[in-house]
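Student: after the sequence you'll find the predicted model.
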Amino acid sequence: MQGQALKELLEFYEAAGVDATLGDAPVDRFAQAEPTPKAAVHPAPLPAQPVAPHPQAPQVHAAEPHHGLEQAKTLAAEAQTLDALRQALEGFEGCGLKKTARRLVFADGNPEAKIMLIGEAPGRDEDAQGLPFVGRSGQLLDKMLAAIGLDRTKVYIGNVIYWRPPGNRTPTPDERAMCEPFIRRQIELVAPKVMMSLGGSALSGLFGIQGIMKTRGQVLTYAQGDLSIPAVPTLHPAALLRNPANKRLAWQDLLQLQSLIEEHGAL
């Protein structure tokens, strides 16, 4: 039991971003005596020297706050294929999450599919493998898809955030803004006939709507350029693992998705 507990503790530290220790035992700094100040020594005054004028320090101009976002928009717009979009993301340095993540998590499934699922952000397992929905929440998603006759060969799966936030924290508005041009271009290139968003962050990022519980059960329209795609918002599988009672709500949403697939001939 002690070995298992230690293993779980180390996994927690890894997930929280802890990668160093400061000492083997705690130190009470307040209990340590303050050093006795030395007697002040006054050196003899030196003769006055002429003071040379200091050169004016060069002005440092801060980077334009929207430079990264404009670059993201340009790179996304220039990508004519999904492979080109992935390469653009690999070279993009405007999102700080890239510096702490192991891998870019771009997509999984069939890029030719007409059903697109979009989640929130990668977790630890996704960060390790570079694929969305491969941990426990991914296993549940596979079961959800199987319940309506789908699998990953029949859908295309992405996220509104491409790199794992440290410790699985909520992405900041700036981080979400840097990823937004890419996910919108990704949707445009796939051009699905129906969509499903998974979780509150995906709902907010794609539709600007807050509150997944009050929004699920509806059919939204994702409008972008010439695209007008019916979309079903539902709960994220990770939220269902935390609150299994809500699986009945997700089942209702899956049936709604199934109805849209049949209506729009998405299979």
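Tutor: Good, I have the coordinates.
Student: how about Phe106: what's its closest non-neighbour residue?
Tutor: In space, Phe106 comes closest to Arg86 once its chain neighbours are excluded; the distance is 5.0 Å by CB to CB, 6 or more residues apart in numbering. Every residue, glycine included, has its C-beta placed from N, CA and C.
Student: count the residues that sit near that neighbour.
Tutor: Arg86 is surrounded by 16 other residues when neighbours are defined as other CB atoms under 10 Å.
Student: can you map out the strands along the stretch 151-267 of the chain?
Tutor: Secondary structure of the stretch 151-267 of the chain by DSSP state E, counting those that start in this stretch: the strands cover 156-159, 194-198, 220-224, 227-234.
Student: return the most buried member of the ones you listed.
Tutor: The highest average neighbour count among those, using mean count of other CB atoms under 10 Å, belongs to strand 194-198 at a mean of 28.
Student: pLDDT weak spots in the protein?
Tutor: 1-66 (pLDDT under 70).
Student: tell me which stretches of it form helices.
Tutor: Taking DSSP state H as the test, the helices found in the chain are 2-16, 67-78, 82-91, 97-100, 124-129, 136-147, 173-190, 200-207, 212-215, 237-242, 247-264.
Student: would you agree the residue nearest to Phe106 is in contact with Leu104?
Tutor: Yes. The pair Arg86 / Leu104 is scored as a contact, 7.4 Å apart, by CB atoms under 8 Å.
Student: can you give me the neighbour number for the residue nearest to His236 when sequence neighbours are not counted?
Tutor: Taking CB to CB, 6+ apart, and ignoring the residues beside it in sequence, His236 has Gly199 as its nearest neighbour in space, at 3.2 Å. Using other CB under 10 Å, Gly199 has 23 neighbouring residues.
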